[in-house]
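Novice: need coordinates for the following:
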Amino acid sequence: MSDPCILFPGQGSQEKGMGRDLAEARDEARDLWLLAEKESGLPLRGIYWEGAEADMAETSALQPALTVVNLSLWLAARGRLRPAATAGHSLGEFAALAAAGVLSVEDVVRAVVLRGKLMSQAGAEGHGMAAVVKLPQAEVESVTAQALADTGRELRIANYNSPAQFVLSGEKPALDRAAELVKERKGRAIPLAVSGAFHSPLMAEAAAAFAKLLDGLHWRAPQLAVYHNATARPEPSAEGAKKAVTAQMTSSVLWVQTMNNLKDAGCRRFLELGPKGVLSKLAKANLEGVEGLEIGAAATLAEVEALPA
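Specialist: Sure, this is the predicted structure:
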């Protein structure tokens, strides 16, 4: 693949002012903000352009707002790109679906509005997530299995982000036990400021409600390969894509596996469309030592316009 593989980020990539320059310069970007605000009932531009950091982290607002930014960047950049494949991290997978023509941009916005509400409402006392760093995958898997066995409470690896960065999701007793085991092995466990145990079976009720909306959307066969979080591989049919996306909310984000599969497919050029460049950093961590690797990011209108036509 000589053409770029496009990456779209998820929660954690938000920043103040994101997408403002695009919305003020391009009608299609402004219209996406208006659609997301209408569907969510939230003043998203006020929150993300003028609001406080705490409000920006709220899942029900963050999911539509970040998706609008991802989509606005894609719409501005697509005339300059001939992507070989695309993938999105967690929430970012929905922008990837739009980029590949699997779902319309409007359906994606409506879907993530509901997804954000459901995931926010699914938060429960004693559920949470923690990042684990400085331990290899095998040790994190061992810690997870032992903490689950010791406590009998739900715990899983929710995100395989890089060879030395993972996220655990589950119930507090299991998370606390895992943190003890991580410390014993000279790693670090960092609690995350989230309201639920995302990408775990504890999201089953929210996932079932979300599946009803997904069933009602118009799914199309992808125009380019979308590497799905739940499987780390592309699905060639509309039905296969819907099945993979339906499983996403309760499945682990297999990002390490996704990046390796993209590499094995021949991708050496990666372009992240979204704020902060989080996935660009993860790409470097996942593909260290790969020859001919080019990794870039575009988060503003100026950076999109600087892309080679």
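Novice: okay, the helix ranked longest in the chain in CSV with CA atoms only?
Specialist: Longest helix in the chain by number of residues, with DSSP state H as the criterion: helix 59-77. As requested, C-alpha coordinates have been extracted for helix 59-77 and formatted as CSV (Å, rounded to 0.1, in the frame of the first residue of the first chain):
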residue,chain,number,x,y,z
THR,A,59,-19.1,11.1,27.7
SER,A,60,-22.6,12.2,26.4
ALA,A,61,-21.1,15.4,25.1
LEU,A,62,-17.7,14.2,24.1
GLN,A,63,-18.7,11.4,21.8
PRO,A,64,-20.8,13.5,19.4
ALA,A,65,-18.4,16.5,19.6
LEU,A,66,-15.2,14.5,18.9
THR,A,67,-16.9,12.6,16.1
VAL,A,68,-18.0,15.8,14.5
VAL,A,69,-14.3,17.0,14.5
ASN,A,70,-13.1,13.7,13.1
LEU,A,71,-15.7,13.8,10.3
SER,A,72,-15.1,17.5,9.6
LEU,A,73,-11.4,16.8,9.1
TRP,A,74,-12.2,13.8,6.8
LEU,A,75,-14.6,15.9,4.7
ALA,A,76,-12.0,18.6,4.3
ALA,A,77,-9.2,16.1,3.5
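Novice: which is the succeeding secondary structure element to it?
Specialist: Remark: after helix 59-77, the chain's next helix or strand is strand 85-88, criterion DSSP states H and E.
Novice: direction included, what does that following strand pair up with?
Specialist: Strands adjacent to strand 85-88 in the sheet, as given by DSSP bridges, are strand 5-8 (parallel), strand 225-227 (parallel).
Novice: model confidence for Met1, exactly?
Specialist: Reading off the confidence values, Met1 has pLDDT 40.
Novice: how near is Gly41 to Ala57?
Specialist: Separation of Gly41 from Ala57 (CB to CB, to the nearest Å): 18 Å. The way it works is simple: take the backbone N, C-alpha and C, and place the C-beta from them, glycine included.
Novice: quick one: the helices in the chain?
Specialist: Ranges of helices within the chain are 20-25, 27-40, 44-50, 53-56, 59-77, 92-99, 105-121, 137-151, 172-184, 204-215, 238-248, 255-264, 278-286, 301-305, based on DSSP H.
Novice: on that earlier part again, now the angle from the longest helix of the chain to helix 92-99?
Specialist: Between the direction of helix 59-77 and that of helix 92-99, the angle (axes from the mean of the first three to the mean of the last three CA atoms, to 10 degrees) works out to 40 degrees.
Novice: how far off centre is helix 59-77?
Specialist: With CA atoms, centre = their mean, to the nearest Å as the basis, helix 59-77 stands 11 Å off its chain's centre.
Novice: the inter-axis angle of it versus helix 27-40?
Specialist: 160 degrees.
Novice: name the helices or strands packed onto helix 59-77?
Specialist: Secondary structure elements in contact with helix 59-77, counted by 3 or more CB pairs under 8 Å, 6 or more residues apart in numbering; DSSP states H and E, are strand 5-8, helix 20-25, helix 27-40, helix 44-50, helix 92-99, helix 105-121, strand 269-273, helix 301-305.
Novice: in JSON lines, list these along with mean pLDDT and mean neighbour count.
Specialist: Supplementary listing: the helices and strands packed on helix 59-77 in JSON lines, determined by pLDDT from 0 to 100; neighbours: other CB atoms under 10 Å:
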{"stretch": "strand 5-8", "mean pLDDT": "98", "mean neighbour count": "29"}
{"stretch": "helix 20-25", "mean pLDDT": "97", "mean neighbour count": "18"}
{"stretch": "helix 27-40", "mean pLDDT": "98", "mean neighbour count": "18"}
{"stretch": "helix 44-50", "mean pLDDT": "97", "mean neighbour count": "18"}
{"stretch": "helix 92-99", "mean pLDDT": "98", "mean neighbour count": "28"}
{"stretch": "helix 105-121", "mean pLDDT": "96", "mean neighbour count": "22"}
{"stretch": "strand 269-273", "mean pLDDT": "97", "mean neighbour count": "25"}
{"stretch": "helix 301-305", "mean pLDDT": "96", "mean neighbour count": "17"}
